[in-house]
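Engineer: sequence below, structure please.
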Amino acid sequence: MFRVIKVLIISLFLIYSQAEGVRLKEISTFKGVRNNPLLGYGLVVGLNGTGDSSNTEFTIRSIINMLERMGIHIDRDKVSQIKPKNVAAVMVTANLPPFSKIGSRIDVLLSSIGDAKSLQGGTLLLTPLLGVDKQVYALAQGPVLLGGFAASGITGTGIQKNHPTVATIPKGAIVEREVPISINEKKELILHLINPDFTTIEKVKEVINKNLGDAVARSIDSSSLIIAIPESYQSRVPEWIATIEKLEIVPDVVSKVVVNERTGTIVMGEHIRISTVAIAHGGISIQVKEKLSVSQPLPFAPGSRRGSPAVVPPESGSIISPGGSTVVTPETKISAEEEEGSLVLLQGGVSLAELIKALNAIGVTPRDLISILQAIKAAGALQAELEII
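Structural biologist: Below you'll find the model as predicted:
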């Protein structure tokens, strides 16, 4: 009953998913409108003894340089006295969104690069964030948010939640420099699909031309589309982009079966078809049983004297009695059974729902289904891409 319900749910999902479209905003981007990664090196201070150890030389050098810039000089013979257990060196990363203005705030991510045990309770000191051109685009500073914890005892046992050496500072960086992007006064825009596909790009072109005018859009390749901007919109390009982003299409997808052998998870695409193929499902079960039996001698066996003491050799497992020997004998039983195999014939052009229904009918498990799909693909009957992760 459960298998029938599962097949019906998948079938209904496929029926309704075919009619649903997505906005161009979700599947495409405009050329030049993107995030810009930023990177910086900083120090997190105020840790409760969970910072870097004295063996972390770059942390000690960073502390000395910071103090020198603040007018505090440390003699060379005093460097060994610096114990950075309350300080951790971190790499600070962030993404600068397009059209970010000076004074706006962005989120930052901190990752320890030393041997600190936790960043909990720390504060990031002022850290410049650089772009690929080595220019400072933002300044980060503030108390870190860990979202977890780590604690340990003297014996070495402990407990940990999440990852204590990675932290965030929501809105922890202030933008100091803008990335120059100009979209007004342009005569055309270039639209890029996130997942390149010739069929999908043609659908996008048809939808744009149908809603915004003939020959407005023309495709370049499987990923790019050139969209002309009318003269009336060249001074208000953002409005033209918003009009394009609202359009909906049903993107075309590649038929794919994704298999995770470690967890037994199988995810199938929508348009999977298989050629005519016969599937047999069965297995052999081998069972080995072994039990120990005790062989008792007759009470008055010949060759033994009544009342003589028993002698038990230390290297033997037998018990010597006056009437003979008690012997432990193993009895082994081996049986092999072959499950009743089922042979199912699937005609060509079978859909996903029919394939699942047929495989469930012969009682396959997810592990069995992985092997069956691999065998069907090897036979050339699976008309889909099989990806194993």
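
Engineer: contacts and neighbour counts: CA atoms only from here.
Structural biologist: Noted.

Engineer: settle this for me: Val33 is touching Pro98, isn't it.
Structural biologist: Yes - here Val33 reaches Pro98: they are 5.9 Å apart, a contact under CA atoms under 8 Å.

Engineer: which residues do those two both contact?
Structural biologist: Listed contacts common to Val33 and Pro98 are Ile181; contacts here mean CA atoms under 8 Å, 6 or more residues apart in numbering.

Engineer: surely Ser223 touches Thr199?
Structural biologist: No - with contacts defined as CA under 8 Å, Ser223 does not count as touching Thr199, sitting 10.3 Å away.

Engineer: and these two? which has more neighbours close in?
Structural biologist: Taking Ser223 and Thr199 together and counting by other CA atoms under 10 Å, Ser223 has the greater number of neighbours (18 against 12).

Engineer: residues in contact with the more buried one?
Structural biologist: Counting by CA under 8 Å, 6+ apart, the residues that Ser223 touches are 192-198, 201.

Engineer: for it, which non-adjacent residue is spatially closest?
Structural biologist: Once its chain neighbours are removed from consideration, Ser223 has its nearest residue in Pro196; the separation is 4.4 Å (CA to CA, 6 or more residues apart in numbering).

Engineer: pretty sure that neighbour belongs to a strand, no?
Structural biologist: No - if the criterion is DSSP: H, G, I helix; E, B strand; the rest coil, then Pro196 is coil and not within a strand.

Engineer: what's the distance between it and Val254?
Structural biologist: Spatial separation of Pro196 from Val254 under the definition CA to CA, to the nearest Å is 11 Å.

Engineer: with neighbour numbers in mind, choose between these two.
Structural biologist: Each of Pro196 and Val254 had its neighbours counted (other CA under 10 Å), and the higher figure belongs to Pro196 (16 against 12).

Engineer: where does that one land on pLDDT?
Structural biologist: According to the predicted model, the pLDDT of Pro196 comes to 91.

Engineer: do Asn184 as well
Structural biologist: In this prediction Asn184 is given a pLDDT of 80.

Engineer: OK, contacts around it?
Structural biologist: Contacts for Asn184 were tallied using CA under 8 Å, 6+ apart; they are 234-238.

Engineer: between those residues, which is nearest Leu110?
Structural biologist: For the contacts of Asn184, the closest approach to Leu110 (CA to CA) belongs to Pro238, at 34.2 Å.

Engineer: need phi/psi at that closest one.
Structural biologist: phi -50, psi -40 (degrees, to the nearest 10).

Engineer: neighbours of Leu43, how many?
Structural biologist: By the measure other CA under 10 Å, the count of residues near Leu43 is 23.

Engineer: C-alpha coordinates for the host helix or strand of it, PDB please?
Structural biologist: Taking DSSP states H and E as the definition, Leu43 sits inside strand 36-45. These are the backbone C-alpha positions of strand 36-45, laid out as PDB (Å, rounded to 0.1, in the frame of the first residue of the first chain):
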ATOM      1  CA  ASN A  36      32.300  41.000  -5.800                       C
ATOM      2  CA  PRO A  37      34.300  38.800  -3.300                       C
ATOM      3  CA  LEU A  38      36.300  40.600  -0.600                       C
ATOM      4  CA  LEU A  39      39.100  39.200   1.500                       C
ATOM      5  CA  GLY A  40      41.000  40.400   4.600                       C
ATOM      6  CA  TYR A  41      43.200  39.300   7.500                       C
ATOM      7  CA  GLY A  42      42.300  40.200  11.100                       C
ATOM      8  CA  LEU A  43      42.500  39.400  14.700                       C
ATOM      9  CA  VAL A  44      39.800  38.200  17.100                       C
ATOM     10  CA  VAL A  45      40.500  39.300  20.600                       C
END
